[in-house]
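Peer 1: sequence first, then the predicted structure, then my questions.
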Amino acid sequence: MSPNSKNYFQSYLGIGPEEEAEMLNSIGYNSTIDLFSDVPQNLIERTPINIDGPYSEFELNSIFKKISQKNFNDHLSFLGGGVRDLYIPAFLEELMRRGEIYTAYTSYQPEIAQGMLQLIYEYESQVAELTGMDVISASLYDWATALGESARMMMRIMKRRSILVANPISPERLEVLRTYTEHSGFNIVLVDGEGTINQNDILIIIEEDSRKDKKEREIAGVYFEIPTFHGVLPSQVDEFIDEIHKYDVLVTVGIDLISLGILRTPAEYNADFMIGEGQILGSGVSNGGPLLGILGTKYNRKWIQNFPGRLVGKTTELGSDLPGYCITLSTREQHIRREKATSNICSNQTLMAVNAGIFLAGLGPKGIRDLASGLVDRAHYLAKELNKLEGIRSPVFEPFLFDFVVDFGSISHEKLEEQCISQGILPGLKIEGTSCLRLISVSDKHRKEELDYFVNVISEVSKL
Amino acid sequence: MIHKRTQAKWEEPLILNKGGAGRRAYIPESVNLPKETIPDEWIRKSPLELPQVSELELVRHVVRLSQMIHGVDVGPYPLGSCTMKYNPKINERIARFPGFADMHPQAPEQSIQGTLEVFFWLQETLKKLTGFDAVTIQPPGGASGEFTGVLVIKAYHEARNDTKRDTIIIPDSAHGTNPASAAMAGFKVIEIPSTEDGYVDLEALKSVLTENIAGFMITNPNTLGLFEPNIQEICKMVHDVGGLNYLDGANFNGIVGVIKPAKMGFDVMHMNLHKTFTGPHGGGGPGSGPVAVSEKLRKYLPVPIAAKKDQTFYWDFSNKKTSIGKVHGYNGNFGIALRALLYILRNGGPGLRKTCETAVLNANYLLHHVRQINGLTIPKGKNVPCKHEFVASASKLLKETGVSTNDIAKAMLDYGVHSPTVYFPLIIKEALMIEPTESESKQSLDLIADVFKEITKLAYSDPDSVKNSPHLTSTGRLDEVTLAKKPVLSQLIEKKDIFS
Amino acid sequence: MSEDLRFDNYLIKTDRSYMETHEWVKEIEPGIFLMGISDYAQKMLHEISYVQFEDPDEEFEEKDTIVVVEAIKASGDIYSPFKAKLLENNENLEDSPELINESPFEKGWLCKIKALSDSRTNLISPQQYLEIIKAESEE
């Protein structure tokens, strides 16, 4: 029997074949295809389109089990660079399987969606608590697009057309930023630094720009990451940001949310906007998506009017004191403001925000400190052990936090990857450059034995 | 008389205000290594008042909140334009297979053959379903797909040094994302009016077609749920002045498996995998908005694209130089793409065709019943079947009783039925946009019709009871005005007492 | 001064000019104008929650957005009737945007501008404005 004669899809249809005939009859049609009588007939396919399937549920389960097993997910991975493969507690996975949560859509009718809205508000409130930023977006797609949105927002607020970006930044985030800005006439100016932020050059460029006539000024804002893409904690960030503000220029900082369990917050050093990747708060890396773009700012009504995407707020029921939650300040959004909207975003990553909120509540203050300092301990141990190997420099840049750059010396990236993969290891992220630099990221899934195993494998590989 | 339903009403405090000192739901894995310090200047000084709750407290909290959410798994959800169909559970199981859930996107190609196979299989399948030549899965939502698509249009004209094309034409019935995406890509937007019947006005279109037109963006079936009868002529008119045609695939469920969009004359389209192909809507997302294009636009798509040589899959970066660039940090919402592929394969060609026909039948069946309800009218599409959705108007009811579309939407919630999309499209006054999907049974369609009937009847006899609804949901109507004036957007804002 | 006009429950003051886009414009001294939105416009927007001002001293071309008035589910762009310089915003509206609903023609004024052009082609009379809202509400 050919697969096409199977009708496994009937599971997903609300009505059976007999009912179909009855319903058609009741509205005066003979067949379902008659409902397309208004369509130019040359457009209608005469036979079903020739794609694979239908498959039974059992077949799908078996086929995709095999496909999933082609991925080397059991390898010991040191890949990071924005997303991170951390352990996910069972209660979180279980809760996220609630059909009420994942089969709802945007809470357009708040009366029937209070649970969802409260979960989003709890997410916003906990990220606010963690970062010190008062206002947190209900979600953007990912860190990279949050950067694009933030850059556009800074330029909208300042009515200027350029953004300074401190390199090192991940090439992927930079590319998305360029797509979001350069096609519509905005400029991205990259300021290179050695592993960390080149504060001097950035200030020189801003100072120069500030001498122009007000209407001629170009630089709206500066973007840098803490820690930087190469893992480094910059020094004297407070003074740097104060200096930028003196020239009437805004600051967006990209942060690692988990690091804030131990690190100073963007509010403490007075950043204007904060972005980051929320996947690390309890979601799988999932081959790069779905992720969670985080965007926050301090309360400033003018800035908030320029915010992209959804915001959920707390109010009361009309005629009572009971709290209630709803989407607010919608007039910024595309469904109302159309071409003048602050962003085109509609569907976002709400489910991941809900997930992140439950994860943070599960961790609590002690949990997030433990998680952060556990990553610091693992990373520093690994960096030191690797540095003991001959021909290897680790870390290349200091001081670092969770991620660090290792110089593997004369070995090629290809050789290193090949050797490591054959021994069950994914050896971090390749960094473009002349020597064999890679960004090494640790996870709470790494025990001491696994870190030692990595060091042993590298020790052998480096002798080859 | 139909049964009403009372939604759970837990007066559940914010999780931040629950718990007690020292309670911990999740204790991360510790490691037996020397303690490291971080530079003094970096040590956190602000308090960190996250919740301290036990695992049970947290589980109970979330389960209670979930009982105060209406999802497709709870009841009918005829939210027009959103295609709230059933989300198959096998998809949820498979998406959580190790290998799919925990694989890093930047692992070397040999270690992600499974991932690449999923992307490749979906790309090939979407090509066949749309009739287009190339597909990118990278855009993480429908609006992101639109942004990608209009940038591709821009890149095409620029590559030909045709730089004066700075305008995109959009019908006034379009989704707000269309003009927003075009503007984000740096285009001017011209809106053209619709005809009395709700279709593109050919004369109006003609009057704005100049050599400055980069493209025309349209949803078909349109937002009224009607198929544009002149679509081939429209596409030709735009092509004749050198513009390109963009199809917003939000309403793909009305034609999928029956019509290949490329054949209508489109050059580029996006799909919403979370609508047509069952990615769960997740309370607002994640979505996934792949873009399909004709051959001449292939080289402008974001890279990489999954490719196959012999039996090996790889990332193809060959169009990096001509590409518009990346629109997502990695390769888009893989998890949603995977679910879409699973759904498509479960259906096959015959299943998707049946799905589409059933969605259209369900919409027409409901339309037939709603049309007869006193107080509601169906302003457009008088002599044609609708596709997957239709738009009713409560203008008459408002005039005669003072009960508005918003009041109807609220009253419906008391019956355990989610409201339709309201006040959209903008060209219909007091609009109710209704999309039942193929997932709903005849009983549930009858229920939706009966609910409309009962509410409109009540509007004539006791309008205040409708205006004061809902009564049985976990909250009544909310004070949105005070919130918009003093936006309490986090507990931190409450704590700081910013508005006093 | 002629008596104020009314259509339905919308008041149209006759001591000033209007625009087709529902702004009123009143010359208070030669070349200096106050602007606001009409009674009809404030009723269409419903409860106004926020007013987004531009910086005083900035110059605007004809039909540039000079103020945005926001309600809960709608917002309105207020266009400059001619090339103009923004002199002053009604700062009372920052804390009390509801003044626009309560007193659209007086306390709820939006901004004061100085004309930088002689063109008045975007201004229409109260009678002409009445015809516009009549047509709109009959639609």
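Peer 2: Here it is on my side, so go on. Numbers count the residues shown, from 1 in each chain, chains lettered A, B, ... in the order given.
Peer 1: ok, residues contacting stretch A:187-200?
Peer 2: For stretch A:187-200, the surrounding residues in contact (CB atoms under 8 Å, 6 or more residues apart in numbering or on different chains) are A:151, A:161-168, A:174, A:177-178, A:181-182, A:201-202, A:205, A:218-219, A:224, A:228, A:230-232, A:234, A:236, A:240, A:396-397, A:405. For the C-beta atoms, the positions are set from N, CA and C on the backbone; glycine is no exception.
Peer 1: let me fix that: stretch B:103-116
Peer 2: Contacts for stretch B:103-116 (CB under 8 Å, 6+ apart): A:67-73, A:75, A:77, A:79-81, A:83, A:85, A:285-289, A:417, A:421, A:426, A:429, B:99-100, B:306, B:312-315, B:330-331, B:334.
Peer 1: which of those fall in helices?
Peer 2: A:67-69, A:417, A:421, B:334 (DSSP state H).
Peer 1: secondary structure class for A:F224?
Peer 2: strand (DSSP: H, G, I helix; E, B strand; the rest coil).
Peer 1: hmm, it is touching A:G254, no?
Peer 2: Yes - look at A:F224 against A:G254 with CB atoms under 8 Å: they come within range, at 7.2 Å.
Peer 1: where do the helices of the chain begin and end?
Peer 2: Defaulting to chain A. Listed in chain order, the helices of chain A (DSSP H) span A:17-26, A:57-69, A:90-95, A:99-102, A:114-131, A:143-158, A:171-181, A:199-210, A:237-246, A:301-305, A:334-337, A:350-387, A:413-422, A:448-463.
Peer 1: hm, I was asking about chain C
Peer 2: Ranges of helices in chain C, per DSSP H, are C:39-45, C:92-95, C:99-102, C:126-138.
Peer 1: could I get those helices as CSV with distance to chain B, mean pLDDT and mean neighbour count?
Peer 2: Shown next, in CSV, are the helices of chain C (distance: least, CB to the nearest CB, whole Å; pLDDT from 0 to 100; neighbours: other CB atoms under 10 Å in any protein chain shown):
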stretch, distance to chain B, mean pLDDT, mean neighbour count
helix C:39-45, 12, 94, 21
helix C:92-95, 9, 94, 14
helix C:99-102, 10, 97, 18
helix C:126-138, 11, 91, 14
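Peer 1: in CSV, list the ones you listed along with distance to A:T131.
Peer 2: Listed next are these as CSV, based on distance: least, CB to CB, whole Å:
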stretch, distance to A:T131
helix C:39-45, 35
helix C:92-95, 27
helix C:99-102, 35
helix C:126-138, 47
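Peer 1: what about chain C, any weak spots by pLDDT?
Peer 2: Counting by pLDDT under 70, chain C shows low-confidence ranges at C:1, C:139.
Peer 1: in chain C, which residue sits closest to chain A?
Peer 2: C:S75 (4.0 Å; CB to the nearest CB).
Peer 1: neighbours of the residue lying closest to that residue once chain neighbours are set aside, how many?
Peer 2: Leaving aside its sequence neighbours, C:S75 sits nearest to A:T331 (CB to CB, 6 or more residues apart in numbering or on different chains; 4.0 Å). A:T331 has 26 neighbours, counted by other CB atoms under 10 Å in any protein chain shown.
Peer 1: which residues touch A:T331?
Peer 2: By CB under 8 Å, 6+ apart, the contact list for A:T331 reads A:337, C:70-75.
Peer 1: taking the residues you listed, tell me the two that lie furthest apart.
Peer 2: Between all members of the contacts of A:T331, the longest pairwise span (CB to CB) is found for A:R337 and C:I72 and amounts to 13.4 Å.
Peer 1: of those two, who's got more company?
Peer 2: For A:R337 versus C:I72, the count of surrounding residues by other CB under 10 Å is larger for A:R337: 22 against 19.
Peer 1: in contact with A:T106, which residues?
Peer 2: Counting by CB under 8 Å, 6+ apart, A:T106 makes contact with A:310, A:327, A:347, A:350, B:281, B:283-284.
Peer 1: if we can go back for a sec, same list (the ones in helices among the contacts of stretch B:103-116) but as CSV, adding neighbour count, pLDDT and distance to C:R120.
Peer 2: What follows is the ones in helices among the contacts of stretch B:103-116, written out as CSV (neighbours: other CB atoms under 10 Å in any protein chain shown; pLDDT from 0 to 100; distance: CB to CB, whole Å):
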residue, neighbour count, pLDDT, distance to C:R120
A:I67, 21, 98, 70
A:S68, 23, 98, 71
A:Q69, 15, 97, 75
A:E417, 20, 96, 72
A:I421, 17, 97, 75
B:F334, 28, 98, 59
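Peer 1: out of those, who's nearest A:V39?
Peer 2: Using CB to CB, B:F334 comes nearest to A:V39 of the ones in helices among the contacts of stretch B:103-116, at 34.2 Å.
Peer 1: check contacts around the closest one.
Peer 2: Contacts for B:F334 were tallied using CB under 8 Å, 6+ apart; they are A:286-290, B:100, B:105, B:115, B:118-119, B:137.
Peer 1: same question for A:I280.
Peer 2: A:83-84, A:86, A:256-258 are the contacts of A:I280 under CB under 8 Å, 6+ apart.
Peer 1: that one and A:D85: what is the separation?
Peer 2: 9 Å (CB to CB, to the nearest Å).
Peer 1: for the closest residue to C:D77 other than its chain neighbours, which residues are in contact?
Peer 2: Nearest residue to C:D77 in three dimensions, chain neighbours excluded: C:T65, at 4.4 Å (CB to CB, 6+ apart). Contacts here follow CB under 8 Å, 6+ apart; on that basis C:T65 touches C:77-80.
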